[in-house]
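Colleague: Return atomic coordinates for the entry below.
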Amino acid sequence: MNEDSTASTSATVQVRRFRDGDSVEELTLLLHRAYADHAAAGRVFFASYQFAEDTQHRLSKGECWVAVNGNAIVGTITVSAPHSTPPGYPAPAAGGGSFWQLAVEPSQRGTGLGQRLLTLAESRIAALGSTQVVIDTSSQATELVDWYHRRGYAPIGTWRWDVTNYDSIVLMKSLPTV
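Modeller: A predicted model of the protein is given here:
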């Protein structure tokens, strides 16, 4: 996909790169809303409470894509390839890609927007030269882990971030070469 792709889940939602003029604060509030159900269930994802400065820092580590409906940001994902992981993180050799901050506005759930953002992330990671994508999520978020399993992700280990209150399951998927 190119930078201004108009792939959409409906006629009114477009997916494009985050750009100057987009609001980091609005993006942060979207993350809070999208992860609120997890926080309410006792799984405190960093995205459920991060500050706008944290969002900006995380954006600086990759390509941020947003789904917009009119002027409102209703979805997002940030991708990176190759992606560096901390020492001890259970990932294969260097060169793999990753994504984070996959979020969909609660009112947009069930529209296919999450799948569209995931597909975009995988295609961007492959286009950037990586043949694998490695991510992690709460091992307690079984519905989310199952969602990734149905999309070809397999567990390869566990990890504990210091900004969450749970153990993460690390998942990997091999990507087709571009």
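Colleague: which stretches of this protein form strands?
Modeller: 13-17, 63-69, 72-80, 98-104, 132-138, 154-159, 168-174 (DSSP state E).
Colleague: Report how many residues lie close to L113.
Modeller: 22 (other C-beta atoms under 10 Å). Yep, even glycine has a C-beta here, placed from its N, CA and C like the rest.
Colleague: and if you look at W65?
Modeller: Counted by other C-beta under 10 Å, the residues lying close to W65 total 26.
Colleague: ok, back up a step: now the strands of the chain as TSV including mean pLDDT?
Modeller: What follows is the strands of the chain, written out as TSV (pLDDT from 0 to 100):
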stretch	mean pLDDT
strand 13-17	96
strand 63-69	97
strand 72-80	97
strand 98-104	96
strand 132-138	94
strand 154-159	94
strand 168-174	94
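Colleague: Now render those as TSV, adding distance to L27.
Modeller: Formatted as TSV, these follow (distance: least, C-beta to C-beta, whole Å):
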stretch	distance to L27
strand 13-17	13
strand 63-69	7
strand 72-80	6
strand 98-104	8
strand 132-138	19
strand 154-159	25
strand 168-174	22
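Colleague: Compare the ones you listed and give me the one nearest A40.
Modeller: When the strands of the chain are compared for distance to A40 using C-beta to C-beta, the nearest one is strand 132-138, at 13.1 Å.
Colleague: For A47, which of the strands of the chain is the nearest?
Modeller: Closest among the strands of the chain, using C-beta to C-beta: strand 98-104, at 5.9 Å.
Colleague: which residues does S80 contact?
Modeller: 61-63, 97-99, 125 (C-beta atoms under 8 Å, 6 or more residues apart in numbering).
Colleague: and which of those is nearest A141?
Modeller: F99 (16.0 Å).
Colleague: And for that closest one, the neighbour number?
Modeller: 24.
Colleague: same deal with the one 4 residues further on?
Modeller: Burial of A103, expressed as a neighbour count using other C-beta under 10 Å, amounts to 27.
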